[in-house]
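Trainee: got a sequence here, can you build the structure:
(3 chains)
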Amino acid sequence: MLINYIGAFIVMILGLYIMMSKKNLIKIVIGMSLVDSGLNLLLVSVGFRPGGTAPIFITDLKPGAFFVDPVPQALTLTSIVIGACVSALALSLIIKIQEKYGTIDADKVRRLRG
Amino acid sequence: MKKFLAWFSLSILLAFSVYVSFVMAALPSTYNGISNIIVKNTIERTGAINAVTAIVFDFRGYDTLGESFVLFTAVSGSAVILRNYKKNSVTPLEKDLKNSQKNKSNLEIIKEIDKKRDSIIERDSIIVSTANLVLPISLSLGAYVILHGHLSPGGGFQGGVLIAGAVAIVFLAYGMDRVSKVFNAERIKVYESVGALSFLLLGTLGVVYGYNFFKNVIYNQGKPGMLYSSGTIFWMNFAVGYKVLAGIGFLLITMIGTLNAEEKE
Amino acid sequence: MNYVSSLPIIAIITPFIGAFLIGAISSNKKLLPAMKGIAIVSSLVSLVSLLFLTKPILLEGKVATYWLGNWMPQEQMAIGIGLEVDSFGLFTGLIITFSSFLSSIYSVTYMKEDNALDKYYTLFLLLLGSMIGFVLTGDLFNMYVMLEIMTFAAISLTAFRNNIYKSLEAGFKYIVIGSLGSTLILLGTVLIYAQTATLNMAQISALIHNNYTPVTILALAFMMAGYGVKAFLVPCHTWPPDAHMSAPSSVSMLLSGVMSKTGIYGFVRLLYMIFFSVGMAKMELLIILWGTLTMIVGASMAIIQTDFKRLLAFSSVSQIGYIIVAFGVGLSSKSSIGVLGTLGGLYHMINHASFKCLLFMCAGAVLHATGTTDITKLGGLSKKMPYTTILFLIAAFSISGLPPFNGFVSKWMIYQATYEAGYAPVTIIALIVSVFTLAYMMKLAQSVFFGELPKKLEEVKEVPLTMSITMGVFALACLVEGLFPKIISKYLLEPAAYSIYNLHNYIDVMFTKGFAEKMFKNKIPIPNMTYEMAGYWRPEAWFVLFIVILIGFIIGVGISLNFVKKNNIDTTCNFGDKYGVFTGGEKEEFAPIAGGDLFWGLRHNLKGYFGFLEKAHSGVVNDYVTWVISCTAVLSIYLFAVL
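Mentor: Here you go, the predicted structure:
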């Protein structure tokens, strides 16, 4: 549906804006997770058919009922797990950076440059 | 200069995305591609009545295998990053470098305040009684979701995460020392590898029967709609659920363990 | 032509089984030699099963297919996941398994002194398995999943030595930019699924052939930017210098030499098969310009570095630029020039893997013996480590393109291909960048191996036996590839180039014969694999090239001749605060002026240019993300205007 697609793209662009302009490392991780949420919304909305029901063959199915597309829902399951793993790895790196550097400001965590 | 680049590129991407969404909304539905054939074949060829689970574990089971490997890699990576590093020997130039890299942060002061706070507060009675009530409910709900993956929305991944929440509930109510008494981190890591190996072995069951990898060879045991049906999908739900609960439980224990690292030493 | 074999799936699954076995016995610390044995045996099994596949696929030209779960296509639609191995995939797979097998032997002695080694071998086998799985598959979503396993394993291995601050910072920058690249690739996959309703690569290339709608053009822009992050193209190249510097050397050689090849594999599949653009002049112009920019930026940044492995990472970036230019020429519409360009790109892929792995192994040997990679502190190591010095010089001469080694043949093919395609300025720029390559290799050799031996390094020893055997194997490969180009080209490269252009066969083996002809309006002609290399064994041409390189070298050294003496002024602020006024009071990692720097004069004369480049690599994560997003925006403007 049109409103879903535009909403998903707006959420992704807001997430990209947070990644580009905020200096606190945890806010950058929140931005990454927003981009993943927008992408999952886009993926689920691709398979929608107006008037369709969930793709499960329950015993009292109404005659003439048709299903929505089940393949993008299977792809979304994988994408959600991958998004959670990215957050887990990034946050454990931030814990160790705080121990070594004493700060989590992106302007100060820049000893490798040039 | 950097601000200008950021605004410029984001506005261009927004303009193109809105244009493409209008075009996408007018396309014919994607159901008439491969999904039509898959839905027609679901009950006869796999025996499951949930089409999404049939796709996840049977038609595109190789992608689910890859996804469980991603979870394994992320948990191993976090364990590697959060460990204490010990080196066995020191080469000549490193002796000088070590003396010049002492970090003095005011982290020590914050940790002492936290330690005092932990020993003063009694265990809060509201949290303890709520945890006593919620813990068995969440464990049985998680087991139900894993079992009924092929009959209703759910499956191995969702149920496994529900059960792994038990670690967080025990930590909130009873503190770190009770967590380390109840859960043994080393053994949970071994259980995760066992779960992954059993998932792979279920995949090679098809090879034993003479077909290709990942074929569902016992799909016609039991009627579709009963609890025990749909062949290898039922057993794969167990294997994946077991793997996910061990993996995420280990991840939670490792991360909580860094909070009170000074108490153990 | 339909060949079904289960050897590809054995090659993919065996490293994963090995990784889980190591995880299951990891609690028992005494079984560490068994874990090393499992790692070496698993990589050997993958290598052997891919070698068994060379006879049918490379020599006889068949394509191996394998449908997982026996879900054959019904009504001309592919409902399952299919593996499809043609010559190009097998060629890349052989490079990956060969390098990983030697790296696993190298890491037995190199990583003796770290703890948590069981997790190291687990992550190493996961990295190997996912790289093979990425290359041998024929399904678009499966490529994304394997790419994610590869990224996570590489990040965990980069941050392996977590007592050094560099590893943690490099790991964080890698995860931010790497996951941004993967997200862009998934976005492109979603848009393609919305348009074509299928996920199989052969079926997609049949459906969208010459039929570009706005949805597919935006998908192409996103996927090109995403694969650009994975294959180090400018401006998405900011993560490899940090990551390759901090990883252990047995892993750095895999990240730099082999993972970039998988990024290029994805790029070539995108341009030659899914969005078929052979014969379009505008796409050829875009790819050639992009490759030239990468070459120049990589070489310029490499001259001003002071760390051994960071310099090698920037030189990787500039060599990838050569490969991309060659594949860009392969898109041209004149068939004989296109074939020469593609062959040059494939040959440079295998050459770059050989000498880059050898260079990183030498860096690892130096680090293992002395404990540092800062070239301002090293010097005169050739007296103590003569074997390493000889191997390093072999690799340095290969990378700059001097005659009996392998860099000469592939670079000659690239020069000739760009000149005959009508892009003469690109040839001149490629020659100048070759001279810069020789210049910074000589700078490394002078600073690290020749010169004066500092007092702290009096008791370093030569490398152990397992490390030197593996280094010797790679040096032998460099020599063999340089001396016998005709044999390698006939058996390895020409079948791979033939299968890149042969789109009909790729589609037909998945479905039925003649399917592709029904979908396309006209048959695509496959170019003949005949070409002639201008003047390779003619002595005059060889002599002219050598004179050009020599004149460039003399000019480069002559500009900075006044600082080549051993003025080892120790300005690293050991005198206390009395001299803090002159150096700003900074410690050793921020003071790049040292007495042994060969190109101090050149750097001073071109201050504006080098200063701009240094400010652009500022080290702040937000700026790196901005570069990637602006690259995406520029690509989408160009593609919408052209297609």
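
Trainee: now whichever residue of chain C sits closest to chain B. Nearest residue, chain neighbours left out?
Mentor: Distance from chain B to each residue of chain C (C-beta to the nearest C-beta) is smallest for C:Ala197, at 2.5 Å. Quick note: C-beta positions are derived from backbone N, CA and C, even for glycine. The shortest distance from C:Ala197 to any residue other than its chain neighbours is 2.5 Å, reached at B:Gly33 (C-beta to C-beta, 6 or more residues apart in numbering or on different chains).

Trainee: got the residues of chain A near chain C?
Mentor: Taking C-beta under 8 Å from any C-beta of the partner chain, the part of chain A that reaches chain C is made up of A:16, A:19-23, A:25, A:28, A:32, A:35-36, A:39, A:42-43, A:46, A:71-72, A:75, A:78-79, A:82, A:85-86, A:89-90, A:93-94, A:96-97, A:100-101, A:106-107, A:109-114.

Trainee: go again with 6 Å.
Mentor: Neighbours of chain C within chain A, by C-beta under 6 Å from any C-beta of the partner chain: A:19-20, A:35, A:43, A:46, A:82, A:86, A:89-90, A:93, A:96-97, A:100, A:106, A:109-110, A:112-114.

Trainee: near chain B, which of those show up?
Mentor: Near chain B, judged by C-beta under 6 Å from any C-beta, the entries from the residues of chain A next to chain C are A:Met20, A:Ile82, A:Leu89.

Trainee: rewinding a little: of the residues of chain A next to chain C, buried ones?
Mentor: Among the residues of chain A next to chain C, the ones that count as buried by 16 or more other C-beta atoms under 10 Å in any protein chain shown are A:19-20, A:35, A:43, A:46, A:82, A:86, A:89-90, A:93, A:96-97, A:100, A:106, A:109, A:112, A:114.

Trainee: any weak-confidence spans in chain A?
Mentor: Judged by pLDDT under 70, chain A has no weakly predicted residues.

Trainee: show me where it has its helices.
Mentor: For chain A, the helices defined by DSSP state H cover A:2-21, A:25-45, A:71-101.

Trainee: so which elements touch the shortest one?
Mentor: Using 3 or more C-beta pairs under 6 Å, 6 or more residues apart in numbering or on different chains; DSSP states H and E, the elements in contact with helix A:2-21 are helix A:25-45, helix B:2-25, helix C:621-642.

Trainee: for those, could you give me TSV that also reports distance to B:Gly154?
Mentor: Output for those, formatted as TSV (distance: least, C-beta to C-beta, whole Å):
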stretch	distance to B:Gly154
helix A:25-45	17
helix B:2-25	30
helix C:621-642	37
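
Trainee: looking at those helices, spot the one closest to C:Val435.
Mentor: Set against C:Val435 and scored by C-beta to C-beta, the helices and strands packed on helix A:2-21 come closest in helix C:621-642, at 27.6 Å.

Trainee: just the CA coordinates of the closest one, formatted as CSV?
Mentor: Output of helix C:621-642 as CSV, limited to C-alpha atoms (Å, rounded to 0.1, in the frame of the first residue of the first chain):
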residue,chain,number,x,y,z
VAL,C,621,32.4,7.8,12.2
ASN,C,622,29.7,10.2,11.1
ASP,C,623,31.9,11.5,8.3
TYR,C,624,32.5,8.0,6.9
VAL,C,625,28.7,7.4,6.8
THR,C,626,28.3,10.7,5.0
TRP,C,627,30.7,9.6,2.3
VAL,C,628,28.8,6.3,1.7
ILE,C,629,25.4,8.0,1.5
SER,C,630,26.6,10.8,-0.9
CYS,C,631,28.0,8.1,-3.2
THR,C,632,24.6,6.4,-3.3
ALA,C,633,22.9,9.7,-4.1
VAL,C,634,25.3,10.5,-6.9
LEU,C,635,25.0,7.0,-8.4
SER,C,636,21.2,7.2,-8.4
ILE,C,637,21.2,10.6,-10.1
TYR,C,638,23.5,9.3,-12.8
LEU,C,639,21.6,6.1,-13.4
PHE,C,640,18.2,7.7,-13.6
ALA,C,641,19.6,10.2,-16.1
VAL,C,642,21.2,7.6,-18.3
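
Trainee: mind listing what's buried along that helix?
Mentor: C:621-636, C:639.

Trainee: what of stretch B:227-239?
Mentor: Neighbour-count burial for stretch B:227-239, counted by 16+ other C-beta under 10 Å, picks out B:Ser229, B:Ser230, B:Gly231, B:Thr232, B:Ile233, B:Phe234, B:Trp235, B:Met236, B:Asn237, B:Phe238, B:Ala239.

Trainee: of the residues you listed, list those near chain C.
Mentor: With C-beta under 6 Å from any C-beta as the criterion, the buried residues of stretch B:227-239 include none near chain C.

Trainee: go through these and flag which are in helices.
Mentor: Short answer: the buried residues of stretch B:227-239 in helices (DSSP H) are B:Thr232, B:Ile233, B:Phe234, B:Trp235, B:Met236, B:Asn237, B:Phe238, B:Ala239.

Trainee: give me every residue that touches the third one.
Mentor: Looking back up the chat, that one is B:Phe234. B:Phe234 makes no contacts at all, as judged by C-beta atoms under 6 Å, 6 or more residues apart in numbering or on different chains.

Trainee: next, the residue nearest to C:Ala197: phi, psi?
Mentor: phi -90, psi -120 (degrees, to the nearest 10).

Trainee: okay, now it: neighbour count?
Mentor: Neighbourhood size, B:Gly33 [other C-beta atoms under 10 Å in any protein chain shown]: 22.

Trainee: how about residues contacting stretch C:283-293?
Mentor: By C-beta under 6 Å, 6+ apart, stretch C:283-293 touches C:Val234, C:Ser277, C:Gly321, C:Ile324, C:Val325, C:Gly328, C:Leu331, C:Ser332, C:Val426, C:Ile429.

Trainee: between these, which has the most around it?
Mentor: Of all the contacts of stretch C:283-293, C:Val325 has the most neighbours under the rule other C-beta under 10 Å, reaching 30 neighbours.

Trainee: what helix or strand does that one sit in?
Mentor: If you go by DSSP states H and E, C:Val325 is part of helix C:308-329.

Trainee: okay, helices next: where are they in the stretch 51-200 of chain C?
Mentor: Here the stretch 51-200 of chain C has its helices, by DSSP state H, counting those that start in this stretch, at C:54, C:87-110, C:117-135, C:140-158, C:165-196.

Trainee: CSV for the ones you listed, including mean pLDDT and distance to C:Gly371?
Mentor: Putting the helices of the stretch 51-200 of chain C into CSV (pLDDT from 0 to 100; distance: least, C-beta to C-beta, whole Å) gives the following:
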stretch, mean pLDDT, distance to C:Gly371
helix C:54, 86, 42
helix C:87-110, 92, 13
helix C:117-135, 93, 20
helix C:140-158, 94, 20
helix C:165-196, 93, 14
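
Trainee: redo those as TSV? Include distance to B:Ile12 and mean neighbour count.
Mentor: Formatted as TSV, the helices of the stretch 51-200 of chain C follow (distance: least, C-beta to C-beta, whole Å; neighbours: other C-beta atoms under 10 Å in any protein chain shown):
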stretch	distance to B:Ile12	mean neighbour count
helix C:54	47	16
helix C:87-110	34	23
helix C:117-135	31	26
helix C:140-158	25	26
helix C:165-196	15	24
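
Trainee: nearest to C:His368, out of those?
Mentor: With C-beta to C-beta as the criterion, C:His368 lies closest to helix C:87-110 of these, at 6.1 Å.

Trainee: tell me what the closest one is packed against?
Mentor: Here helix C:87-110 touches helix C:32-52, helix C:117-135, helix C:249-257, helix C:335-370, helix C:465-483, helix C:494-501, going by 3+ C-beta pairs under 6 Å, 6+ apart.

Trainee: spatially central residue in the chain, please.
Mentor: As the question left the chain open, I've gone with chain A. A:Asp36 (1.6 Å; C-alpha atoms, centre = their mean).

Trainee: the chain in question should be chain C.
Mentor: Chain C, centroid-nearest residue using C-alpha atoms, centre = their mean: C:Ser260 at 3.1 Å.
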